[in-house]
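> Okay, predicted coordinates and the sequence, questions at the end:
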Amino acid sequence: MTNTLLLVDDEEDLLIPLRVLLEEQYSILTARNGDQALELLAAESIDMIISDQRMPGMTGVELLTRVCELYPEIVRIIVTGYTDVEVAVRAINEGQVYRYINKPWSVDDMQLVIQQGLEWRDLVRSKGRLDADLSHAHKALAERNRELKAMQSQLVKNAHKAGMAEMTAMVLHNVNNVLNSVIVSGQSIVNLTESKSVEMFSRANKLLRDNMENVEDFIINDPKGKRLLEFYLSFETAFEELNVKVARDAKRLMEMVDAIIQVIVAQQSATVGGLHPEFLSASDVIDTAVAIHRSSLSQRRIAVEKNFDDVPLVRIQKTKLIHIMINLLKNAWEAMNDTAPDERKIIISINRDEENVCVKVADVGCGISDEDLPKVFSHGFTTKVNGHGFGLESCAHYMREMDGEIKVESAGVGQGATFIMTFPIPQPGAVI
């Protein structure tokens, strides 16, 4: 596309040679003064204006200043036959001209200045488009970031709800396990009350009541009377045995009820007052998580070994740490499905260094391969047939929210795994 140049000079004899020079390469328009130039600018699409400085009415600097205000994208060049520093300064500062040219000018210089001016204009336009594209990209990126933050917030909420639902399901599962034991103990007591010993005692009492009017003769002379006394004497042992069995089963029943209460209290402790960060004892929160799992761990014959050092309180959001521990304990016992029951063990330790409190949860299960180790906390990664890969990812996210960190170590397949959580030790006078 041919560029259009507007030449402005009040002297016709100066316009003609410049027009002849340029019209083979460009579309040329001419004006004899500033007003005519402004009229053409309003009517035509012009790429460059070359104006003489000294003209009647409006000077070149005044014209180019108006052009700069009205059409800033047009390249502006001023030509003068006078060496006037003030004019040059005004042309640059007010008219923001691309080039200041002194008369007389050479053909080569003029053509080079015009060519360079148009190239500069193209670069400016390209930069403008790039700036606009970049601005649009920044806005799109900002909007995408807002969307991602909203999605992340929703995922965290969903993960929290899922964690609480999983905790509730675990509590119900554990309560159900204990209730099975309650039913067994209760049925045992029922069976004892319906035993033959009780029935025989009732029959003996009936025989005694039937002979109460002549009880002395019945006891001394009737063989049944003698056998009745022998029965009462022998019943002492049976009654003692029955009493021991009832007491044993009643005690077991009370232990099971107490276990249900502990599970429920642990669940309430995990959910009540744990929605915001607090300075808490890591061991207390971990004990709560283990209590929630007590029945499941016992059912799977998993020993829990605790090695807790005396450490400072740390900034914890209780429900999130409970959620993390539920995931780690569940993963640990699932990792030991193929481990011999008498070898199953989870070791939980708490210690500190100069800056952090460290919590370790170790198992003796199937371990983690070198290939899988870097992917453990990645979104969607799982080695379980029915796994979703969100549990450990949410654990890592919760640890970051508590300004902590979680990592995993394993010597390889069959060597168990150790999950390590670190919590910064608060500085003296720190507040939540």
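Everything's here; your move. Numbers count the residues shown, from 1 in each chain.

> Can you name the residues that contact residue 34?
8, 51, 55, 57, 58, 59, 62, 63, 66 (C-beta atoms under 8 Å, 6 or more residues apart in numbering). No exception for glycine: its C-beta is placed from N, CA and C like everyone else's.

> Return the closest of the residues you listed with respect to residue 400.
Nearest to residue 400 among these, counting by C-beta to C-beta, is residue 66 at 59.1 Å.

> re the thing from before, which among the contacts of residue 34 end up buried?
Buried members of the contacts of residue 34, scored by 16 or more other C-beta atoms under 10 Å, are 8, 51, 55, 58, 59, 62, 63, 66.

> show me where this protein has helices.
12-22, 34-43, 60-70, 85-93, 107-193, 196-210, 215-221, 223-271, 282-299, 318-335, 391-401 (DSSP state H).

> Out of those, which gets the lowest mean score?
Across the helices of the chain, helix 85-93 has the smallest mean pLDDT, namely a mean of 64.

> Please look at residue 405 and residue 421 and confirm they touch.
Yes: with contact defined as C-beta atoms under 8 Å, residue 405 counts as touching residue 421 (7.3 Å).

> got any residues that touch both of those two?
residue 399.

> With residue 217 as the reference, measure out to residue 334.
75 Å (C-beta to C-beta, to the nearest Å).

> Looking at these two, which one has more neighbours?
Higher neighbour count among residue 334 and residue 217: residue 334, with 14 against 11, using other C-beta atoms under 10 Å.

> who touches the more buried one in this structure?
365, 384.

> my guess is residue 381 meets residue 375, correct?
Yes: at 4.6 Å, residue 381 counts as touching residue 375 under the criterion of C-beta under 8 Å.

> residues contacting residue 14?
residue 52.

> how about 10 Å then?
Applying C-beta atoms under 10 Å, 6 or more residues apart in numbering to residue 14 gives the contacts 7, 52, 79, 81, 103.

> Could you find which two of those residues are furthest from each other?
7 and 81 (15.5 Å).

> Neighbour count: those two, which is higher?
Of the pair residue 7 and residue 81, residue 7 is the one with more neighbours under other C-beta under 10 Å, namely 23 against 13.

> Excluding residues flanking it in the chain, which one is nearest that one?
Once flanking residues are discounted, residue 7 sits nearest to residue 30: 4.9 Å by C-beta to C-beta, 6 or more residues apart in numbering.

> Roughly how far does that neighbour sit from residue 10?
Taking C-beta to C-beta, one finds residue 30 at 11 Å from residue 10.

> Next: residue 384.
Distance from residue 384 to residue 10, by C-beta to C-beta: 89 Å.

> quick one: which of these two has more around it?
Higher neighbour count among residue 384 and residue 10: residue 10, with 15 against 10, using other C-beta under 10 Å.

> now the contacts of residue 34 in JSON lines, with distance to residue 348?
What follows is the contacts of residue 34, written out as JSON lines (distance: C-beta to C-beta, whole Å):
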{"residue": "8", "distance to residue 348": "88"}
{"residue": "51", "distance to residue 348": "85"}
{"residue": "55", "distance to residue 348": "92"}
{"residue": "57", "distance to residue 348": "93"}
{"residue": "58", "distance to residue 348": "88"}
{"residue": "59", "distance to residue 348": "88"}
{"residue": "62", "distance to residue 348": "85"}
{"residue": "63", "distance to residue 348": "85"}
{"residue": "66", "distance to residue 348": "81"}
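
> which one of the residues you listed is nearest residue 398?
residue 66 (64.3 Å).

> check contacts around the nearest residue to that closest one once chain neighbours are set aside.
The spatial neighbour of residue 66 that comes closest, neighbours along the chain excluded (C-beta to C-beta, 6+ apart), is residue 38 at 6.6 Å. If a contact means C-beta under 10 Å, 6+ apart, then residue 38 has 8, 31, 58, 63, 66, 67, 70, 71 as its contacts.

> Can you pick out the most distant pair from the residues you listed?
58 and 71 (15.6 Å).

> where's the residue nearest in space to the middle of the chain relative to residue 311, distance?
Among the residues of the chain, residue 397 comes closest to the average C-alpha position under C-alpha atoms, centre = their mean, at 4.2 Å. Applying C-beta to C-beta, the value for residue 397 to residue 311 is 24 Å.

> One more: residue 145?
From residue 145 to residue 311 the distance is 38 Å (C-beta to C-beta).

> Who has more neighbours out of these two?
residue 311 (18 against 10).

> Is residue 7 in contact with residue 20, as I believe?
No: between residue 7 and residue 20 there is no contact under C-beta atoms under 10 Å: 11.1 Å.

> Return every residue with contacts to both of those two.
residue 28.

> any idea how far stretch 128-143 is from the chain center?
28 Å (C-alpha atoms, centre = their mean, to the nearest Å).

> residue contacts, residue 423?
Taking C-beta under 10 Å, 6+ apart, one finds 280, 282, 311-316, 321, 350, 352, 355-359, 399, 402-405 in contact with residue 423.

> Just give the nearest non-adjacent residue to it, would you?
residue 314 (4.0 Å).

> what is that neighbour paired to in the beta sheet?
residue 280 (DSSP bridges).

> Who are the contact partners of it?
277-282, 285, 321, 352, 356-357, 359, 402-404, 422-426.
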